[in-house]
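1. Below are the sequence and a predicted model for it; my questions follow.
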Amino acid sequence: MNGIEGRDIYAGYGKIEVLHGASIRAGQGEIVCIIGPNGSGKSTLLKSLFGLIMPRKGAVLLDGREVTHLTPEEKVRFGIAFVPQGRNVFASLTVRENLEMGGTPLDNEREVRRAIDEVLEAYPLLRDKLRDQAGNLSGGEKQLLALARADMIQPKVILMDEPSIGLAPRMIEEVYEQILTINAKRGVTFLIVEQNARKALSTAHRGYVLDLGVTCIEDTGAGLIDNEQVKKLYLGG
Amino acid sequence: MIEIKNVTKSFGGTRAVSDCSLSLAGLKIAGLIGPNGSGKTTLFNLITGLIRPDCGEITLQGQRIDGRMPHHLAGLGLIRTFQLSRVFPRLTVMDNMLLAPQGQAGERLWSLLFRFPRVRREEAAHWEKACELLDMLGILHLQAQFAGTLSYGQQKLLELGRAVMAEPQMILLDEPTAGINPRLIQAMIDMILKMRARGQSFFIIEHNMDVVVELCERIFVLDHGEKIAAGSPREIQNDSRVIEAYLG
């Protein structure tokens, strides 16, 4: 299968095991969303897929090939990008320098310049801000920059941890618009962890509910929003 | 309660808060909203003494508090939480809770030595209260774990619990529901309303408009460091400037 897949993943920190056999897949060009209570292991699952923590058991597959034990640097070269939680940009660097950092895996400077041009094409908001310090951007702009930085290498798969966290309502719309655009234009696969479950599910093709470290429900985005049990247990109201 | 008069704060060339005045007098729960980077957290930092205003004044119950140290203000009954939680990672969840109340009898050598029964009674009461709050927040089962092992959202719940444990006059919450599961958000709202009924006041920065509308009697809106609107939830939701700047 093309896309990314996590099979029966066990992972944790020190003595504490957080994931007890979580399985998830996002086919090529799919937007898949993971929701679930606090502490259910959503961020841990993304980190295990990316290699920031190594799964103790289970496998990570990219386009059907096993990549479980590759480091994050290696995974980036295989076309997996990661946008961490909390609008993580290099605050003291300019927007351009942030993009250059995202281009580190590229072969030479010409490639980097070309990639920046392409990214600016896709993220016009950043064009006027190229020389600004990233720390001075608004929250929404930081999140877009973090996404654009990940997009520098034109990844096949983008893993995103709570893109909407702490954002003003209209910026949330903008970030999700951008996700939809990239997905539609280039067929990039998205695997998104969210607490803002309604927004994420209404954007996603499919979704998973993760609870107590296992994936317990899987359905289309709309199906999960309508699911009575999901509503009661995870969406509130 | 808290009064802010003509407060301004600049960082380098950026005016983070600009000639801002607002009064929380008579309000049990007030809200502060605005786009990212509009100065909300800076205003909280000014109120809680983390930074000093360039000019203007801030008073609590008529007493001037701008420029006072945060621990001083905590003693006066002003407690806050942070966007990114600041719990003690190497203490257990329960110990984090038990440390929160201000001025405990057991903190003084005198009462430890000569009023030990009272110290014990107080600690037992705190323990019971901590259990009740942790249960309400859905993290009672984690009480023996190190706080540092909790997920981001769970740490934020713990921080809210710590603020409530201290029983201050006023709690300032900086984005309490960001990163919190929707079902727990309801639990949080219920908890805040319950505390309000007991006389607790809140000042809340929050982006989740459902939460703001359900909780706040009055909402203040900042944009580029300036107060652009103030009013009831209904007035704010229909204010064209607010829609333009914030709601979209």
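-> That came through fine.

2. Next, give phi and psi for the spatially most central residue of chain A.
-> Centroid-nearest residue in chain A: residue A:160, 1.7 Å away (criterion: CA atoms, centre = their mean). Main-chain dihedrals, residue A:160, degrees, to the nearest 10: phi -130, psi 130.

3. Next: the one 4 residues further on.
-> Dihedral angles phi and psi of residue A:164 (degrees, to the nearest 10) take the values phi -90, psi 0.

4. pretty sure it is touching residue A:196, no?
-> Yes - counting by CB atoms under 8 Å, residue A:164 touches residue A:196, with 4.4 Å between them. The way it works is simple: take the backbone N, C-alpha and C, and place the C-beta from them, glycine included.

5. Now for these two: what residues contact both?
-> residue A:172 (CB atoms under 8 Å, 6 or more residues apart in numbering or on different chains).

6. and chain A, which of its residues are near chain B?
-> A:13-14, A:16, A:36-40, A:43, A:85-86, A:136-140, A:142, A:162, A:165-171, A:173, A:195, A:197-198, A:233-237 (CB under 8 Å from any CB of the partner chain).

7. at 7 Å what do you get?
-> A:13, A:16, A:37-39, A:43, A:85, A:138-140, A:162, A:165-171, A:173, A:195, A:197, A:233-237 (CB under 7 Å from any CB of the partner chain).

8. For PyMOL, write the selection for the buried entries among those residues.
-> Here is the PyMOL selection string for the buried members of those, based on 16 or more other CB atoms under 10 Å in any protein chain shown:
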select buried, chain A and resi 37+38+39+43+85+138+139+140+162+165+166+167+168+169+171+195+197+233+234+235+236
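
9. Quick check: beta-bridge partners of residue A:219?
-> Beta-bridge pairing of residue A:219 under DSSP bridges involves residue A:207.

10. residues near it, how many?
-> 16 (other CB atoms under 10 Å in any protein chain shown).

11. is it true that it touches residue A:225?
-> No - Residue A:219 is not in contact with residue A:225 according to CB atoms under 7 Å; the separation is 9.2 Å.

12. did I read that right, residue B:38 in a strand?
-> No - read with DSSP: H, G, I helix; E, B strand; the rest coil, residue B:38 is coil and lies in no strand.

13. how about the strands in the chain?
-> No chain specified, so I'll use chain A. Applying DSSP state E to chain A gives strands spanning A:3-13, A:16-27, A:31-35, A:57-62, A:65-66, A:80-83, A:157-161, A:189-193, A:206-211, A:214-220.

14. other chain: chain B
-> B:2-11, B:14-23, B:29-33, B:55-60, B:63-64, B:78-80, B:170-174, B:201-205, B:218-223, B:226-231.

15. Any idea which of the ones you listed gets closest to residue A:151?
-> strand B:14-23 (28.5 Å; CB to CB).

16. Parallel or antiparallel, which strands does that closest one pair with?
-> Assessed with DSSP bridges, strand B:14-23 is paired to strand B:2-11 (antiparallel).

17. which other residues reach the strand it pairs with?
-> Strand B:2-11 is contacted by residues B:15-25, B:42, B:46-47, B:51, B:53-60, B:170 when judged by CB atoms under 7 Å, 6 or more residues apart in numbering or on different chains.

18. pLDDT-wise, which helix or strand of chain B ranks last?
-> One helix or strand of chain B scores below all others by mean pLDDT, DSSP states H and E: helix B:109-114, with a mean of 78.

19. any idea how far it is from the chain center?
-> Chain-centre distance of helix B:109-114: 32 Å, with CA atoms, centre = their mean, to the nearest Å.

20. what does stretch A:213-221 give?
-> Remark: stretch A:213-221 is offset 17 Å from the chain centroid, using CA atoms, centre = their mean.

21. and what of stretch B:170-177?
-> Here stretch B:170-177 shows a centroid-to-chain-centroid distance of 3 Å under the convention CA atoms, centre = their mean.

22. before we move on, what about stretch A:119-133?
-> Worked out by CA atoms, centre = their mean, stretch A:119-133 lies 21 Å from the chain centre.

23. mean confidence for it?
-> For stretch A:119-133, mean pLDDT rounds to 93.

24. Would you mark the buried spots in it?
-> Buried residues in stretch A:119-133, counted by 16+ other CB under 10 Å: A:119, A:120, A:123, A:126, A:129, A:133.

25. Chain B: which of these is nearest?
-> residue A:133 (10.6 Å; CB to the nearest CB).

26. Hmm, that closest one is touching residue A:95, no?
-> No - Residue A:133 lies out of contact with residue A:95 (CB under 7 Å); the separation is 8.0 Å.

27. residues in chain B within reach of chain A, list them.
-> B:35-37, B:83, B:149-154, B:157, B:175, B:178-186, B:207, B:209, B:246-248.

28. Regarding the chain, what is its longest helix?
-> No chain was given, so I picked chain A. helix A:169-186 (DSSP state H).

29. let's do chain B instead
-> The longest helix of chain B (DSSP H) is helix B:116-136.

30. In that one, which residues have enough neighbours to count as buried?
-> Buried residues in helix B:116-136, counting neighbours by 16+ other CB under 10 Å, are found at B:119, B:122, B:126, B:129, B:130, B:133, B:134, B:136.

31. for stretch A:2-19, same thing?
-> Using 16+ other CB under 10 Å as the test for burial, stretch A:2-19 gives A:3, A:4, A:5, A:6, A:7, A:9, A:10, A:11, A:12, A:18, A:19.

32. and what of stretch A:78-88?
-> Under the neighbour-count criterion of 16+ other CB under 10 Å, stretch A:78-88 has A:79, A:80, A:81, A:82, A:83, A:84, A:85, A:86, A:87 buried.

33. Please tell me how far residue B:152 sits from residue A:193.
-> In this view, residue B:152 and residue A:193 are 11 Å apart by CB to CB, to the nearest Å.

34. And for residue B:15?
-> Residue B:15 sits 36 Å away from residue A:193, going by CB to CB.

35. repeat for residue B:145
-> Relative to residue A:193, residue B:145 is positioned 22 Å away (CB to CB).

36. And residue A:207, by the same measure?
-> As for residue A:207, its distance to residue A:193 is 11 Å (criterion: CB to CB).

37. now do residue B:58
-> In this view, residue B:58 and residue A:193 are 39 Å apart by CB to CB.

38. Ok, residue B:1 next?
-> From residue B:1 to residue A:193 the distance is 39 Å (CB to CB).

39. Compare these two (neighbour count), which wins?
-> Set residue B:1 next to residue A:193 and count neighbours by other CB under 10 Å: residue A:193 wins out with 24 against 17.

40. Before we move on, what's the pLDDT of the closest residue to residue A:125 other than its chain neighbours?
-> Computed as CB to CB, 6 or more residues apart in numbering or on different chains, the closest residue to residue A:125 that is not its neighbour in sequence is residue A:144, at 6.0 Å. Residue A:144 carries a pLDDT value of 94.

41. So residue B:218 is in contact with residue B:232, correct?
-> Yes - using CB under 7 Å, residue B:218 is in contact with residue B:232, at 6.4 Å.

42. More neighbours: those two, which one.
-> residue B:218 (19 against 12).

43. Give me the number of neighbouring residues for the closest residue in space to residue B:148 that isn't next to it in sequence.
-> Take residue B:148 and drop its neighbours on the chain: the residue closest to it by CB to CB, 6+ apart is residue B:89, 2.8 Å away. Counted with other CB under 10 Å, residues neighbouring residue B:89 total 13.
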